[in-house]
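J.: Build me a model from this:
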Amino acid sequence: MSGVARSVRRSASGTLVSIAALAAVAAPAAYAHYTYVYHGSDLLSIGSDHYTASACDRESDGNLVYGDLILANGNRVRVWDNYDSACSTRNVGSQIRDFRLCEEGAGCTAWKNA
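T.: Below is the predicted model of the structure:
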């Protein structure tokens, strides 16, 4: 193989390595997004850090609303919103892995991955 061919091959493989390294550094974190679920007009939102959840009762129907959360540490917690037309936010101390929104007397949404 000529010196020019070796040089081109080295240059091309160096470029591929550089592109792969850049992609690995620039890739977003798995949990770096905001997500939510609705049950009627009620809302449960999970913050982009996946440590906070906000349960929002947007229906003046007298039914309590809560977010049912499964955390990365294995614990299961609830974030209650006891007031019609309001929101309650809580930092749960561990990343939220799965969640659903429940309304007393009206059931729950399907589980969703955070």
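J.: Per-residue pLDDT of the residue nearest to Glu59 when sequence neighbours are not counted, please?
T.: Spatial nearest neighbour of Glu59, chain neighbours left out: Ser41 (5.1 Å); criterion: Cβ to Cβ, 6 or more residues apart in numbering. C-beta: built from backbone N, CA, C; applies to glycine. On the pLDDT scale, Ser41 is placed at 94.
J.: now Tyr34
T.: Value listed for Tyr34 in the pLDDT field: 86.
J.: I'd guessed the residue nearest to Glu59 sits against Ser60; true?
T.: No: in this structure Ser41 lies outside contact range of Ser60 using Cβ atoms under 8 Å: 9.8 Å.
J.: domains of this structure?
T.: Here the domain parsing of the chain from automatic domain parsing is 1-29, 35-113.
J.: residues contacting Arg100?
T.: Val37, Leu44, Gly67, Asp68, Cys108, Thr109, Ala110, Trp111, Lys112 (Cβ atoms under 8 Å, 6 or more residues apart in numbering).
J.: ok, now with 7 Å
T.: Val37, Asp68, Cys108, Thr109, Ala110, Trp111, Lys112 (Cβ atoms under 7 Å, 6 or more residues apart in numbering).
J.: For Arg90, name its beta-bridge partners.
T.: Using DSSP bridges, the bridge partners assigned to Arg90 are Ala53.
J.: How much space separates it from Gly47?
T.: 10 Å (Cβ to Cβ, to the nearest Å).
J.: picking up where we left off before, in strands only, show me the contacts of Arg100.
T.: Val37, Asp68, Cys108, Lys112 (DSSP state E).
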